[in-house]
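Undergrad: how does the following fold in three dimensions:
(one chain, ligands or ions: 1)
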Amino acid sequence: MKVIQKKDYEEISRTAAERILAMVQEKPSCVLGLATGSTPIRTYEFLAMACQQRRITFEKTCSINLDEYVGLGEADPQSYRFFMETHLFRHIDIKRENTHLPDGLAADLEAECRRYDSLYAQLSGVDLQLLGIGQNGHIGFNEPGAVLDANTHVALLSENTRAANSRNFSSLSEVPHRAITLGMGGILKARHILLLASGEQKKEAVQKALYGKVDPAVPASFLQLHPDVTVLCDFALT
Ligand code: GLP
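TA: Coordinates of the predicted model:
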């Protein structure tokens, strides 16, 4: 894995946006794997600015997101669809039908997971996957455990993750217990992976992911198996 240390969050975000813009420029019909969380917000702002200044068009671009909370629909401000609309989609010219997230309100969650896997296959691969990382080393909602799922699945969120994500809800009790997430197999199929990590609180997870054993207890450590991962962070790794 390649590590690029930047001065701060702003520079991480600017570099990530430049990489995404270069990909879209080179291949306008590329498939972007997108992530939620606070980390990619500034990157999305840079993408929106580039599109508004007509430096780029996303007209032919597709996106597929990593995950969605079970039980939250797109009208819910805490849903990841709402997040993507608010922070990116409504500010760029990507076509709504080309943007994909799991349906957190699906009546049959298993069927929704299979639908998402076949959609992923139909898109013929993600060109560039953007990732954040949880403090416990999760990516998407692939939580630490004894084993990891390769395919899209319903994940039970750890208390650590629910507590970390509760800052976006009015109380911890409102944070869903489950989410639909792409599995590690899906994430590792992307051609290029860009992992963003900002702040000392992410340092231990990144350190273990990069230099520890490949271990389901640190899901991000599976990125070591991928041939093209770039980590953009604003702290020194030892
Ligand atoms: C959530 C998302 C992850 C994200 C993580 C870290 O759990 N499912 O995709 O990487 O949060 O979020 P943040 O960037 O806010 O630290």
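Undergrad: could you use CA atoms for every contact and neighbour count after this?
TA: Will do.
Undergrad: how about the strands of the chain, start to end?
TA: Per DSSP state E, the chain carries strands over the ranges 2-5, 31-34, 62-65, 67-69, 99-100, 128-131, 153-156, 178-181, 192-197, 229-233.
Undergrad: pick the most deeply packed of these.
TA: strand 67-69 (a mean of 27; mean count of other CA atoms under 10 Å).
Undergrad: residue closest to the middle of the protein?
TA: The residue lying closest to the centre of the chain (CA atoms, centre = their mean) is A35, at 2.3 Å.
Undergrad: how about it, what does it touch?
TA: Taking CA atoms under 8 Å, 6 or more residues apart in numbering, we find A35 in contact with 65-67, 130-132, 140.
Undergrad: now do 6 Å
TA: Going by CA atoms under 6 Å, 6 or more residues apart in numbering, A35 touches 65-66, 130-131.
Undergrad: swap in E112?
TA: By CA under 6 Å, 6+ apart, E112 has no neighbours at all.
Undergrad: can we see that at 7 Å?
TA: By CA atoms under 7 Å, 6 or more residues apart in numbering, E112 lies in contact with A106.
Undergrad: check the gap between it and C62 for me.
TA: The gap separating E112 from C62 is 19 Å, by CA to CA, to the nearest Å.
Undergrad: and what of V175?
TA: Distance from V175 to C62, by CA to CA: 29 Å.
Undergrad: check S158 too.
TA: From S158 to C62 the distance is 31 Å (CA to CA).
Undergrad: ranges for the helices of the chain?
TA: 9-26, 41-52, 80-87, 109-122, 159-165, 184-188, 203-211 (DSSP state H).
Undergrad: looking only at pLDDT, what's the mean for the last one?
TA: The one in question is helix 203-211. Per-residue pLDDT over helix 203-211 has a mean of 97.
Undergrad: ok, it near the ligand or not?
TA: No. Using CA under 6 Å from any ligand atom, we find that helix 203-211 stays clear of the ligand, coming within 11.1 Å at best.
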